[in-house]
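Peer 1: What follows is a predicted protein model with its sequence.
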Amino acid sequence: MSGYDTATDDGLLAAFWDYERALRTNDVPALEHWFLAGPETLRSDGGTTLVGAGHIARFRRLRPPPGPRRVDRVHLRPLGGGSVAVVAESTRPDGTCAVQSQIWVLGAAGWRIAVAHVSAAAPVVPTITEPARVWRVAGPLRVDPGPAAEAGPLSGVRLAVKDLFALAGHAIGGGSARWLAEAPVQTTTAPSVAALLAAGATVAGIAHTDELAFSLAGVTQSYGAVPNPAAPGCLSGGSTSGPAAAVAGFAADLGVGTDTAGSIRVPASYCGLFGLRPTHGVIDTAGVLALAPSFDTVGLLSRDPRLLATAADLLLPPAEGNNRSDTPVRLLLRAGDLLDGADPGVAPAFESATVALAGRTGCEVEVAPALAEAVDAWLPAFRTVQAAEAWAAHGEFVTKARSELQPEVVARFEAGRELTEDAVARARGVLAGARDRLAGLLTPGRALLLPATSGPALPLDLAAGEVDSARIATLRLTCLASLAGLPAVAVPTMRLGARPMGLSLIGAAGTDRSLLELINRPAPWDRP
């Protein structure tokens, strides 16, 4: 990208973050220090423009600090002549979005602010206009939570449960009216959901999923397209499409779904949510309709990263003291060469989100070793094993119900029909090598940083061929965590135009809590 080179930063970012610290702690002497001395310095907040450093200083002495906020994106653009424009976008706990626009100039005394403008907008609360396209069964549902449900850490939390999970008294629909018609009523609840209910949560409803979870779009033959409250007129992303829409539309607080090849991370990215795909095998998948058991995981979606961490802590194995898996993440490995297949505009959006994440968490950023060539070999192997396992699980049903399923989904299943044992064994060998390579790269304390998807949510009327191209480009990003069984979180801090998009962090196996700590880590000046 063209712009300020953060790799050769000459102190501007340090100055910006020190100014941010001074704002949050109301350090008036520091605030005066960072504004360019003189009568021509400007500071505006949309209602008043202050002219001159003296007036700005007097204003600051009387004004309370802005309060906590999360800096999501920092854009830097050189203006020439030793000047750089800095635009920082922040989110406050109440959802208010704020923007700081500054012109920094480099002089004999270092970087100083010559012009600053601050604006804020009240939060926009997305709504669901077509609830029947979100819920297969609207709730609240009566599901026996067991003892101690009322006083637990999830008391009052509403769950949107993906229509792949067993809930006592209900059948599993699997995203297909034909599957639902043949499905038995469940007598027990999936352990993962039962654990959340035992902690005080309630079931807001059973939310739609893509057909047998083998899609990333959020569209089924039986129920149509799940709407995206965060990006109206766009796909919600799949296959945890219904829970993502319910959470994004404030009809639920926590989405419970699955992630095989990106089915938590893609809807999180498209719908502007936080999402967790855990280390493979650490959360019980009993009572969940399988797709490809070598990669299937139970995952979570939320608008609030703290709620995501609280819920995950209930499902993850108990933390052990001094366990290397709890090592805080201090180094972010930026996977820049994987952006080649991404949409135009993703690279600068990724850069601005990376700068903000590193600055507010205190992480160092390094360029990751080249991965694109390896991914070109790993992705076909991953798809081979996934297709083989998916056909083994559901081939018989797909054969008899193919006219009642999306043609693209049928094609993915049928890709596994003719695979030989030798072909699958070779693919598993490729994946074993990939896991070893990623394990060597991602030791505790490190995270791989990349976009969660190849672009923002796709328009509903996009041609099928373009949707499939975007799906393959996204799989190049999501397959890394899936094929290696690694934990990954999606963070809604990227944006292209008006559409949200997720930043993804992949950690070492078993470092789920370290990733969750990272996305919840307060900046040093916000810590008690």
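Peer 2: That came through fine.

Peer 1: Pretty sure residue 199 sits against residue 156.
Peer 2: No. Counting by Cβ atoms under 8 Å, no contact exists between residue 199 and residue 156, whose distance comes to 10.9 Å. In this view, the C-beta of every residue, glycine as well, is placed from N, C-alpha and C.

Peer 1: who has more neighbours, these two?
Peer 2: Set residue 199 next to residue 156 and count neighbours by other Cβ atoms under 10 Å: residue 199 wins out with 22 against 10.

Peer 1: Contacts only, for the more buried one.
Peer 2: 149, 152-155, 311, 314 (Cβ atoms under 8 Å, 6 or more residues apart in numbering).

Peer 1: could you dump those to JSON lines with secondary structure, pLDDT and neighbour count?
Peer 2: Supplementary listing: these in JSON lines, determined by DSSP: H, G, I helix; E, B strand; the rest coil; pLDDT from 0 to 100; neighbours: other Cβ atoms under 10 Å:
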{"residue": "149", "secondary structure": "coil", "pLDDT": "64", "neighbour count": "17"}
{"residue": "152", "secondary structure": "coil", "pLDDT": "91", "neighbour count": "18"}
{"residue": "153", "secondary structure": "coil", "pLDDT": "96", "neighbour count": "14"}
{"residue": "154", "secondary structure": "coil", "pLDDT": "97", "neighbour count": "23"}
{"residue": "155", "secondary structure": "coil", "pLDDT": "94", "neighbour count": "12"}
{"residue": "311", "secondary structure": "helix", "pLDDT": "98", "neighbour count": "27"}
{"residue": "314", "secondary structure": "helix", "pLDDT": "97", "neighbour count": "17"}
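
Peer 1: Let me know the closest of the residues you listed to residue 209.
Peer 2: Using Cβ to Cβ, the shortest approach to residue 209 within the contacts of residue 199 belongs to residue 311, at 19.1 Å.

Peer 1: gap between residue 62 and residue 159?
Peer 2: 46 Å (Cβ to Cβ, to the nearest Å).

Peer 1: These two: which is more packed in?
Peer 2: residue 159 (31 against 7).

Peer 1: Show the pLDDT at that one.
Peer 2: Model confidence at residue 159, expressed as pLDDT, equals 98.

Peer 1: that older thread, right, and the pair among the contacts of residue 199 with maximum separation?
Peer 2: Most distant of those, by Cβ to Cβ, are 149 and 311, 14.4 Å apart.

Peer 1: Look up the residues forming beta bridges with the closest residue to residue 140 other than its chain neighbours.
Peer 2: Counting by Cβ to Cβ, 6 or more residues apart in numbering, residue 140 lies nearest to residue 202, which is 5.5 Å off, once chain neighbours are set aside. Note on residue 202: beta-bridge partners by DSSP bridges are residue 158.

Peer 1: Residue 202: how many residues sit nearby?
Peer 2: Count around residue 202 with other Cβ under 10 Å applied: 21.

Peer 1: Report the contact partners of it.
Peer 2: Residues near residue 202 by Cβ under 8 Å, 6+ apart: 139-141, 145, 156-159.

Peer 1: which residues of the protein score low on pLDDT?
Peer 2: Counting by pLDDT under 70, the chain has low-confidence residues at 1-2, 145-150, 320-325, 528.

Peer 1: which stretches of it form helices?
Peer 2: For the chain, the helices defined by DSSP state H cover 12-25, 28-34, 53-62, 177-182, 191-198, 241-248, 265-271, 305-315, 346-361, 372-401, 407-414, 421-441, 464-484, 512-520.

Peer 1: Which among these is found nearest to residue 206?
Peer 2: Among those, helix 241-248 sits nearest to residue 206 (Cβ to Cβ), with 8.0 Å.

Peer 1: Quick check: which helices or strands does that closest one pack against?
Peer 2: On a contact count with 3 or more Cβ pairs under 8 Å, 6 or more residues apart in numbering; DSSP states H and E, helix 241-248 meets strand 135-141, strand 158-162, strand 202-207, strand 254-259, helix 265-271, strand 297-302.

Peer 1: Is residue 207 in contact with residue 134, as I believe?
Peer 2: Yes. Using Cβ under 8 Å, residue 207 is in contact with residue 134, at 6.0 Å.

Peer 1: Quick check: neighbours shared by those two?
Peer 2: 242, 245-246.

Peer 1: between the residues you listed, which is nearest residue 287?
Peer 2: Looking at the shared contacts of residue 207 and residue 134 and their distance to residue 287, the nearest is residue 242, at 17.9 Å (Cβ to Cβ).

Peer 1: dump the residue contacts of the closest one.
Peer 2: Neighbour list for residue 242: 134-136, 160, 162-163, 207-209, 226, 236 [criterion: Cβ under 8 Å, 6+ apart].

Peer 1: Which single one of the residues you listed is nearest to residue 52?
Peer 2: When these are compared against residue 52 (criterion: Cβ to Cβ), the nearest one is residue 236, at 50.2 Å.

Peer 1: Can you tell me how far the closest one is from residue 134?
Peer 2: From residue 236 across to residue 134, the span is 9 Å (Cβ to Cβ).

Peer 1: In terms of neighbours, single out the busier of the two.
Peer 2: residue 236 (34 against 28).

Peer 1: Please look at the more buried one and residue 272 and confirm they touch.
Peer 2: No. Between residue 236 and residue 272 there is no contact under Cβ under 8 Å: 10.9 Å.

Peer 1: where do the contact lists of these two overlap?
Peer 2: Counting by Cβ under 8 Å, 6+ apart, the contacts common to residue 236 and residue 272 are residue 248.

Peer 1: excluding its backbone neighbours, what's nearest residue 239?
Peer 2: residue 210 is the one closest to residue 239 (Cβ to Cβ, 6+ apart), at 3.6 Å.

Peer 1: So what's the residue count around the one you found?
Peer 2: Counted with other Cβ under 10 Å, the neighbours of residue 210 add up to 31.

Peer 1: which residues touch it?
Peer 2: Residue 210 is in contact with 175, 216-220, 238-239, 241, 263, 409, counting by Cβ under 8 Å, 6+ apart.

Peer 1: among those residues, who's most crowded?
Peer 2: Ranking the contacts of residue 210 using other Cβ under 10 Å puts residue 241 first, with 38 neighbours.

Peer 1: residues in contact with it?
Peer 2: When contacts are counted by Cβ under 8 Å, 6+ apart, residue 241 touches 207-210, 217-218, 226, 267.

Peer 1: Try it again at 7 Å.
Peer 2: If a contact means Cβ atoms under 7 Å, 6 or more residues apart in numbering, then residue 241 has 208-210, 218, 226, 267 as its contacts.

Peer 1: Over to residue 158?
Peer 2: The contact partners of residue 158, taken as Cβ under 7 Å, 6+ apart, are 202, 204, 252-253.

Peer 1: any chance of these in TSV, plus distance to residue 526?
Peer 2: TSV is the format used below for the contacts of residue 158 (distance: Cβ to Cβ, whole Å):
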residue	distance to residue 526
202	32
204	31
252	28
253	23
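
Peer 1: Let me know the closest of those residues to residue 282.
Peer 2: Relative to residue 282, the closest of the contacts of residue 158 is residue 253; by Cβ to Cβ it sits at 22.8 Å.

Peer 1: okay, now that closest one: neighbour count?
Peer 2: Neighbour count of residue 253, defined by other Cβ under 10 Å: 22.

Peer 1: again, but for the one 4 residues further on
Peer 2: For residue 257, the count of nearby residues is 32 (other Cβ under 10 Å).

Peer 1: distance of the closest residue to it other than its chain neighbours from residue 345?
Peer 2: Spatial nearest neighbour of residue 257, excluding adjacent residues (Cβ to Cβ, 6+ apart): residue 240 at 3.1 Å. Look at residue 240 and residue 345: by Cβ to Cβ, they are 25 Å apart.

Peer 1: Neighbour count: these two, which is higher?
Peer 2: Using other Cβ under 10 Å, the more surrounded residue of residue 240 and residue 345 is residue 240, with 40 against 16.

Peer 1: got a list of what the more buried one touches?
Peer 2: Contacts of residue 240 (Cβ under 7 Å, 6+ apart): 162, 209, 255, 257-258, 263-264, 267, 301.
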